[in-house]
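S.K.: Based on what follows, work out the 3D shape:
(4 chains)
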2 protein chains.
Amino acid sequence: MSDLSELEGAVLGILWSDGPQTAYAIRTRFRKSPSSHFSGSAGAIYPLVERITKVGLVKAVATSRGKRSSTSYELTENGCMALQNWVVPVKDWMAAVEFDPIRTRVHFLGSLDSDQQDRFLHEAMTKLEAEVKATKKLVSELATSKDNWRTWGARGALAVLQARMEWVRAIIDSLATDGAGTS
Amino acid sequence: MSDLSELEGAVLGILWSDGPQTAYAIRTRFRKSPSSHFSGSAGAIYPLVERITKVGLVKAVATSRGKRSSTSYELTENGCMALQNWVVPVKDWMAAVEFDPIRTRVHFLGSLDSDQQDRFLHEAMTKLEAEVKATKKLVSELATSKDNWRTWGARGALAVLQARMEWVRAIIDSLATDGAGTS
DNA sequence: CCGCTCATGTAACTGGTTACATGATTTA
DNA sequence: TAAATCATGTAACCAGTTACATGAGCGG
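M.R.: Purely as a prediction, here's the structure:
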């Protein structure tokens, strides 16, 4: 295992934080995750689990839910070490400016007429507000749980969302007072 | 052209904002861009430019730099409309929480011992500080330019970086006072 | 004239995605 | 008993990447 991908690291992390579970459960975790850009597609998860089993980061154990039997996966000692080594050295690219489709589009807002610019900015605000609201709810739900790190994760998501929202608001305000940009 | 990809939209946008230029120049623009998660790889740009030429969003024009001749690409009427239609309807996923490798790792920080947690958080702070500094510089450089939208773009990047930085600082602070999280 | 940048491309790979297929078990 | 969920997979695709190859013009 040269270097774990982001998805591989995340899978090990889930196995570490939530304990042994089926590939299906891992998949569901990604699908229901509000934040993640991973879809939890079967085509990604099942081969991945097979792969990390083969190299011994994870161990298959037979489990059953009622009458239904299935295979759960458990983090091994090696897997736990691999997780730690995946987390800890912060690479430069991890701190880099993230991809933001709204920001990308703002660069080219000058190609639109004033009405369309307004429409874009207000739509963006509305969507961001909805995300902020949902994330705030998540944070408050998690706050009562025992998993502080997960709460911090949600707080991070919230902080970024709010920053984006205030930034869009600033553009709207400046447009209202100064008028449009160039080009 | 069913729907433009992010890269396709961005290429049209560059052609709109910076005028006709060679595929190589577009490539360089991405490579030197501080933010973008696109590498500007030849294997992406050249086929892409060919594709959008074929469907008439862009028009090839012969140009020369000194004795060196090359092909520049110019936005067509159709291309400009395609750009506008790519920008304007804000889809839900555009406002979603972005991918952040630092945040992902924070979720699993409980798997590390206290020293390693500290190391991670301080490394993250250092890298984020460096990014913030560079982005601040960029913003102030752009502020004197005529391209207001580009300046807003950089400001957006800065806002998000600062939010991430303050979030990491908050974790460090809370760790210093309360002690560690669970698990 | 030698190395750098400009300029254009292609082949193999990567790390995921969608969509499909299948079947057992549980729940309404 | 029908529909939903649990569970496991595979095949085709996608939008990018890295790495390689090639050649011309330009500046020291």
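S.K.: how's chain A carved up into domains?
M.R.: A:6-89, A:101-178 (automatic domain parsing).
S.K.: which one of those is the most hemmed in?
M.R.: Ranked by mean neighbour count under mean count of other CB atoms under 10 Å in any protein chain shown, the domains of chain A are led by domain A:101-178, which reaches a mean of 18. Quick note: C-beta positions are derived from backbone N, CA and C, even for glycine.
S.K.: residue ranges of the helices in chain A, please?
M.R.: For chain A, applying DSSP state H gives helices covering A:6-18, A:23-32, A:42-54, A:77-87, A:92-95, A:101-106, A:114-143, A:148-178.
S.K.: DNA strand C is nearest to which of these?
M.R.: Among the helices of chain A, the nearest to DNA strand C by CB to the nearest atom of the strand is helix A:42-54 (2.6 Å).
S.K.: returning to what we had before: export the domains of chain A to CSV and tack on mean pLDDT and distance to residue B:89?
M.R.: Output for those, formatted as CSV (pLDDT from 0 to 100; distance: least, CB to CB, whole Å):
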stretch, mean pLDDT, distance to residue B:89
domain A:6-89, 94, 20
domain A:101-178, 95, 7
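S.K.: would you list the helices of chain A in CSV and tack on distance to residue A:70?
M.R.: Rendered in CSV, the data for these read as follows (distance: least, CB to CB, whole Å):
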stretch, distance to residue A:70
helix A:6-18, 15
helix A:23-32, 7
helix A:42-54, 12
helix A:77-87, 20
helix A:92-95, 35
helix A:101-106, 38
helix A:114-143, 28
helix A:148-178, 25
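S.K.: ok so, going back, so which of the domains of chain A gets nearest DNA strand D?
M.R.: Proximity to DNA strand D (CB to the nearest atom of the strand) singles out domain A:6-89 among these, at 2.8 Å.
S.K.: do stretch A:4-14 and DNA strand D meet?
M.R.: No. No part of stretch A:4-14 sits close enough to DNA strand D to count as contact by CB under 7 Å from any atom of the strand; the gap is at least 13.0 Å.
S.K.: can you list the residues of chain A near DNA strand D?
M.R.: So chain A meets DNA strand D at A:22-25, A:27-28, A:41-43, A:46-47, A:50, A:65, A:68, A:70-71 (CB under 7 Å from any atom of the strand).
S.K.: quick revisit: will you turn the domains of chain A into a markdown table that also has distance to residue B:124?
M.R.: Output for those, formatted as a markdown table (distance: least, CB to CB, whole Å):
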| stretch | distance to residue B:124 |
| --- | --- |
| domain A:6-89 | 10 |
| domain A:101-178 | 11 |
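S.K.: Looking at the ones you listed, which is nearest to residue B:18?
M.R.: Residue B:18 lies closest, by CB to CB, to one member of those: domain A:101-178, at 10.7 Å.
S.K.: That closest one: end-to-end distance?
M.R.: 25 Å (CA to CA, to the nearest Å).
S.K.: Please see if stretch A:61-76 touches chain B.
M.R.: No. Figure legend: stretch A:61-76 not in contact with chain B (CB under 8 Å from any CB of the partner chain); closest approach 9.2 Å.
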